[in-house]
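S.K.: Starting from these lines, generate the structure:
(2 chains)
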Amino acid sequence: MIRTMQRSGAALLLSVVALLAAPAHADSGWGLLNMPVGVTELSKKIYGLHMMIFWWCVAIGVFVFGWMIWAIVAFRKSRGAVADTAMVHSTKAEIIWTLIPVAILVVMTVPAARVLIDIEDARNTELTVKVTGYQWKWQYEYLGTGVGYYSTLGRESNAARELQSGIDPRTVPNYLLDVDQPLVVPAGTKVRLLITAQDVIHAWWVPDFGMKKDAIPGYVNEMWIKVDTDKTGRYRGQCAELCGRDHGFMPIVVDVMSKPDFEDWLTARKAAVKQAAATTAATPSIS
Amino acid sequence: MATHAHAAAHDDHDHKPHGWRRWVFSTNHKDIGTMYLVFACTMFFVGGSMALVIRAELFQPGLQFVDPQFFNSMTAMHALVMIFGAIMPAWVGLANWLIPMQIGAPDMALPRLNNLSFWILPFAFVILLGTLFVPGGAPAGGWTMYPPLALQSGDSFPMMIFAVHLMGISSVLGAINVVVTVMNMRAPGMNLLKMPLFVWTWLITAYLLVAVMPVLAGAVTMLLTDHFFGTSFFAASGGGDPVMFQHIFWFFGHPEVYIMILPAFGVVSEIIPTFSRKPLFGYESMVYATAAIGFLSFIVWAHHMFTVGMPLAGQLFFMLATMLISVPTGVKVFNWCATMTKGSLSFEPPMLFALAFLFLFTIGGFSGLMLAIVPADFQYQDTYFVVAHFHYVLVPGSLFAIIGAVYYWLPKWVGRMYDQKLATWHFWLSAIFVNVLFFPQHFLGLAGMPRRIPDYATQFADWNMVSSIGAFGFGFSQLLLPYIILKCVRSGAKASDRVWDGAHGLEWELPSPAPFHSWETPPSAAVIARGAEH
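M.R.: Numbers count the residues shown, from 1 in each chain, chains lettered A, B, ... in the order given. I've put the predicted structure just below:
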């Protein structure tokens, strides 16, 4: 019994090692180990906080795990260690290891509170987009412009994600992270997102923008993004709050354009809306 | 378990009924404890199978095996079964077995209530697992049952709520029994600050249970009336508030987290001194730290929901309160390290599990500290980072402590020693695979993979594959546990009364196996003094 277990255990371990050592392919995720730094003012601060707390944990970990390992190695009965049964209490030590963690916590809290205050400061925004979550798509409305549309999972991903679809997801570009119509925002502009939902709770999240916010029916949540001027491009995220059967299939794609490009895009969109309205008005109504 | 089959023959003076009556009508703390533990073990494998369905589907990108709706049912049911069916009943089972023995009492204070609180559970779980077969499928809105999504369930909805009510009643009755037993049944001379830490942590856990299970009952009852009786507690369209449910739920949910981990602290505080052959360092500060954690657990609930949009002051308060919890928890970890320092350590299976607890629970504590930082939590929330965090505190945390406790006290319970070599194998397989399973989930979460999704973008494929391999390795390794226990019960070598040379406490003053009615006469002051060397 033990021998078979030893063998199968070793085989499993080897396969894990082999997997870890396997050469990375094009879309490999082996290197995806950490949070993205992101492209907005806030995302970089949040990343900075994340790394700060991470290194604190590493430092405390070196101390605590070092202590544990030292104790385990140095005080083994098999090496003749004799227990010091009188060592049962030390008020001094206990006060020290209560106060030092408190001090560390204070050091952690101050920068965290600062960033939080920045996050909550949604004044002086230049553009407002209302984001509404539905089962299972997003709606974007540029307030005051009449421009608005839905954004749903891209067609290729949608075909490949069916149960036993026979389509290899690796052949689909941006599998599950592609939409028909992305949200478009200008770079270098403080954009306010008003986030709500129509049916159940969703959450709007683009990791490169540093944060997520719940989309809750009956609530309008606020979040702002200001993408660096030189970081135009396409950013992807997903719904982050369980919202039913197709929760995994309502991605978010954001096109960040330069300001002039965005103005052009918005003007074209406005014109299209006007034209559509004119067509509707010209069509005789049945009722 | 047939633990008492051999003992029954010569224990006639115990007047215990035989056959099925012994179990169905049982008022004996040991028999009820055994039933709790067998039930928990069964549910552990049921919930584990559900986890393997999840990990099988996530082995590769694309949907290979299950429909997304069924996948969602698996995540919800896995959590409900593991929390309410495996971890909590296992702790109540251990409390039943150990508390009377450890405080010098013959049995629990309320034996009939004890019977009732156990026998509610099988019915609750027949109902809960029965939802898998009703139209609309099992609950698929997460174990957190957030409305409005939870209200979209089919026929499973009222069944789930009824099952949750039953589990809640069972837990509250069990908790009341623990409080009454500890407060009234201690042997003369066994004052509160002489109680073993397992009793202390359970006493505080019991107060948490009594305080929060009714809150959960209230929350799910409001869900029920929203669904069937036209109320709008949580429906925005009727003037209600879906976020209020989350506040109420987590007011229950966060103390619930400590309900699952505090007894683990107690167990580790018993095992580490035994195998360090040295009394627990800082006993009193351990007790106060436990009480502090119990208190703080009531004022941190909103850290589960930072992304719902709260006032700045609220976010700051919950961040600070949450971070404060790491102080008493740190005190505990330091005390355990200090207990080992200048000890004489040996590494029998219970100690191995306790040490793994110490290392891996600390990792879970670190990710918990990271999650407390609100701005960073805006990234971590609802990702695999959170999944990794709470599995680190629940699996190598609570579960390893439960397994360690079984390996620690099993010889006392059945009077026989188990196969320690095999148990050591069980340990190493568990400890390695649990990390293969959960450590990569930190990476996945940070890289942007949301939790509770049945399929994922291809860049997450590699670490998901590793995690799934770990899951199957871990799951199958656990089959060793019932095998080792059965082998021990059937053919283990006779165990001595003290079992472990460093063991202290009243339970080790009883013969092995412990008599049916633990302490029919209270232990003498001398015995208590010998046992109270913590």
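
S.K.: Near the residue in chain A that chain B sits nearest to, how many other residues are there?
M.R.: In chain A, the residue that lies nearest chain B is A:G218 (2.3 Å; CB to the nearest CB). Yep, even glycine has a C-beta here, placed from its N, CA and C like the rest. Per other CB atoms under 10 Å in any protein chain shown, the neighbour tally for A:G218 reads 17.

S.K.: so it touches B:S232, yeah?
M.R.: No - using CB atoms under 8 Å, A:G218 is not in contact with B:S232, being 10.3 Å away.

S.K.: Are there residues contacting both of these two? Which ones?
M.R.: B:G240 (CB atoms under 8 Å, 6 or more residues apart in numbering or on different chains).

S.K.: quick one, phi psi at the residue nearest to the residue of chain A closest to chain B when sequence neighbours are not counted?
M.R.: The shortest distance from A:G218 to any non-neighbouring residue, by CB to CB, 6 or more residues apart in numbering or on different chains, is to B:A236 (2.3 Å). Here is the backbone geometry of B:A236 (degrees, to the nearest 10): phi -60, psi -30.

S.K.: Just give me the neighbour total for B:A236.
M.R.: B:A236, neighbours per other CB under 10 Å, totals 18.

S.K.: which intervals of the chain have sub-threshold pLDDT?
M.R.: The chain I'm using is chain A. A:1-28, A:284-287 (pLDDT under 70).

S.K.: Chain B is the one I meant
M.R.: In chain B, residues with pLDDT under 70: B:1-15, B:532-534.

S.K.: Can you name the residue of it nearest chain A?
M.R.: B:A236 (2.3 Å).

S.K.: who's in contact with that residue?
M.R.: A:216-219, B:242.

S.K.: make it 10 Å
M.R.: A:196-197, A:216-219, B:147-148, B:242-243 (CB atoms under 10 Å, 6 or more residues apart in numbering or on different chains).

S.K.: so which of these would you say is closest to B:H18?
M.R.: Nearest to B:H18 among the contacts of B:A236, counting by CB to CB, is B:P147 at 49.6 Å.

S.K.: In this structure that closest one contacts B:F233, no?
M.R.: Yes - look at B:P147 against B:F233 with CB atoms under 10 Å: they come within range, at 8.4 Å.

S.K.: just to revisit the earlier point, can you tell me which of the contacts of B:A236 is nearest A:R170?
M.R.: For the contacts of B:A236, the nearest to A:R170 is A:A197 (32.3 Å; CB to CB).

S.K.: Which strand residues bridge that closest one?
M.R.: A:G133, A:P217 (DSSP bridges).

S.K.: For the stretch 101-250 of chain A, which segments count as helices?
M.R.: Counting by DSSP state H, counting those that start in this stretch, the stretch 101-250 of chain A has helices at residues A:155-160.

S.K.: same check, this time on the stretch 351-500 of chain B
M.R.: Taking DSSP H, counting those that start in this stretch as the criterion, the stretch 351-500 of chain B carries its helices at B:374-380, B:384-393, B:400-414, B:420-447, B:461-477, B:480-491.

S.K.: Show me chain A divided up by domain.
M.R.: Domains of chain A are assigned by automatic domain parsing as A:2-77+A:93-120, A:127-276.

S.K.: just those domains: most buried one?
M.R.: Highest mean neighbour count of the domains of chain A: domain A:127-276, a mean of 19 (counted as mean count of other CB atoms under 10 Å in any protein chain shown).

S.K.: Residue nearest the middle of the chain, spatially speaking?
M.R.: Using chain A. Closest to where the C-alpha atoms of chain A average out (CA atoms, centre = their mean) is A:P207, at 3.5 Å.

S.K.: that's the wrong chain, I wanted chain B
M.R.: In chain B, the residue lying closest to the centroid (CA atoms, centre = their mean) is B:I87, at 3.1 Å.

S.K.: what residues are up against residue 77?
M.R.: Went with chain A since none was named. A:83, B:275-277, B:343-347, B:501-502.

S.K.: think we crossed wires, I meant chain B
M.R.: With CB under 10 Å, 6+ apart, B:M77 has these contacts: B:46-47, B:50, B:53, B:85, B:128-129, B:131-132, B:137-140, B:143, B:156, B:160.

S.K.: near chain A too, which of the residues you listed?
M.R.: Near chain A, taking CB under 10 Å from any CB of the partner chain as the test, the members of the contacts of B:M77 found are B:A140.

S.K.: Would you mind giving me the PyMOL syntax to select the buried ones in the contacts of B:M77?
M.R.: The buried subset of the contacts of B:M77, as determined by 16 or more other CB atoms under 10 Å in any protein chain shown, is captured in PyMOL by this line:
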select buried, chain B and resi 46+47+50+53+85+128+129+131+137+138+139+140+143+156+160
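
S.K.: excluding its backbone neighbours, what's nearest A:D168?
M.R.: Per CB to CB, 6+ apart, closest to A:D168 is B:G62, 7.2 Å.

S.K.: Now do the one you found: how many residues are near it, please.
M.R.: If you count neighbours by other CB under 10 Å, B:G62 ends up with 23.

S.K.: Could you check the angle the helix or strand encompassing A:V58 makes with helix B:420-447?
M.R.: A:V58 belongs to helix A:41-74 when assigned by DSSP states H and E. Using axes from the mean of the first three to the mean of the last three CA atoms, to 10 degrees, one finds that helix A:41-74 and helix B:420-447 are set 160 degrees apart in direction.

S.K.: can helix A:41-74 be found next to chain B?
M.R.: Yes - remark: helix A:41-74 sits within contact range of chain B at A:42-43, A:45-54, A:56-58, A:60-61, A:63-74, by CB under 10 Å from any CB.

S.K.: wait, what's in contact with residue 272?
M.R.: Chain wasn't specified; assuming chain A. A:A272 neighbours (CB under 10 Å, 6+ apart): A:V147.

S.K.: Please refer instead to chain B.
M.R.: Neighbouring residues of B:I272 by CB under 10 Å, 6+ apart: B:278, B:280-281, B:335-337, B:339-340, B:343, B:345, B:350-351, B:354-355, B:357-358, B:404.

S.K.: From the residues you listed, list the ones also adjacent to chain A.
M.R.: Among those, the residues lying close to chain A (CB under 10 Å from any CB) are B:278, B:280-281, B:335-337, B:339-340, B:343, B:345, B:351, B:355, B:358.

S.K.: Show me how to select, in ChimeraX, the buried members of these.
M.R.: Filtering the ones next to chain A among the contacts of B:I272 down to the buried ones (16+ other CB under 10 Å) takes a single ChimeraX command:
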select /B:278,280,281,335,336,337,339,340,343,345,351,355,358
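
S.K.: got a markdown table for the ones next to chain A among the contacts of B:I272, with secondary structure and distance to A:R236 too?
M.R.: Shown next, in a markdown table, are the ones next to chain A among the contacts of B:I272 (DSSP: H, G, I helix; E, B strand; the rest coil; distance: CB to CB, whole Å):
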| residue | secondary structure | distance to A:R236 |
| --- | --- | --- |
| B:K278 | coil | 55 |
| B:L280 | coil | 52 |
| B:F281 | coil | 51 |
| B:N335 | helix | 47 |
| B:W336 | helix | 44 |
| B:C337 | helix | 44 |
| B:T339 | helix | 50 |
| B:M340 | helix | 48 |
| B:G343 | coil | 53 |
| B:L345 | strand | 51 |
| B:M351 | helix | 48 |
| B:L355 | helix | 42 |
| B:L358 | helix | 40 |
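
S.K.: Let me know the closest of the ones next to chain A among the contacts of B:I272 to A:K190.
M.R.: Checking those one by one against A:K190 (CB to CB), the nearest turns out to be B:L358, at 47.4 Å.
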